[in-house]
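Visitor: Sequence plus predicted model, see below.
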Amino acid sequence: MPSSSPVRSVLFLDPLARGADIALLAMRLVVGLFLIWGVWDNVVDPARMAEFEGFLGSQGFVRPDVMAPLSVWAQLACGVAFVLGIGTRWAGLVCAFNFVVALAMVDAKLGIRPAFPSAMLVVVSLYFATKGAGSFSLDRLLLGAKSA
């Protein structure tokens, strides 16, 4: 059967591939806005940051006074990078690392269901690191590369 047959096209939903960059943009926006929303209270309210520091201390993190702001600002920067599609591959690596640490230090102790959001953020971030931002991004605008 030729690769362009109508049957193959229907079976494998080939026309959907035309929406790949829109789907990637949607995923970047949802994940990026979620990350920004998730840390915004720590950014604007010192009491919330202190609460997060206390939480990290209770979970056995070394230097929670350093680790809390580092995690919060990394998540904020990654969220902004994902939304804008700039530095997407680097942001993907940073975000994946941040949530691997969250999984190892906190979420893995809680079980599969509570660990799922962090695990998904690792997987999606690794996808961004390997795929890039796609066509609708500042990476593409600035770098001009299709896979940017």
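Guide: Received it, and whenever you're ready, just let me know what you need. Numbers count the residues shown, from 1 in each chain.

Visitor: Please enumerate the helices of the protein.
Guide: Applying DSSP state H to the chain gives helices spanning 6-11, 20-44, 46-58, 64-84, 88-105, 112-131, 138-143.

Visitor: Lowest mean pLDDT across those helices, which one is that?
Guide: In terms of mean pLDDT, the lowest-scoring of the helices of the chain is helix 6-11 (a mean of 87).

Visitor: In PDB, could you pull the C-alpha coordinates for stretch 79-88?
Guide: Coordinates of each C-alpha in stretch 79-88 appear next as PDB, following Å, rounded to 0.1, in the frame of the first residue of the first chain:
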ATOM      1  CA  GLY A  79       7.500  29.100  32.900                       C
ATOM      2  CA  VAL A  80       8.200  32.400  31.200                       C
ATOM      3  CA  ALA A  81      10.600  30.700  28.800                       C
ATOM      4  CA  PHE A  82       8.000  28.100  27.900                       C
ATOM      5  CA  VAL A  83       5.200  30.700  27.400                       C
ATOM      6  CA  LEU A  84       7.400  32.800  25.100                       C
ATOM      7  CA  GLY A  85       9.200  29.900  23.500                       C
ATOM      8  CA  ILE A  86      12.700  31.300  24.200                       C
ATOM      9  CA  GLY A  87      15.600  29.200  25.500                       C
ATOM     10  CA  THR A  88      13.100  26.400  25.500                       C
END
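
Visitor: Just give me the residue right at the centre of this protein.
Guide: Most central in the chain under C-alpha atoms, centre = their mean is Ser125, positioned 4.1 Å from the mean C-alpha point.
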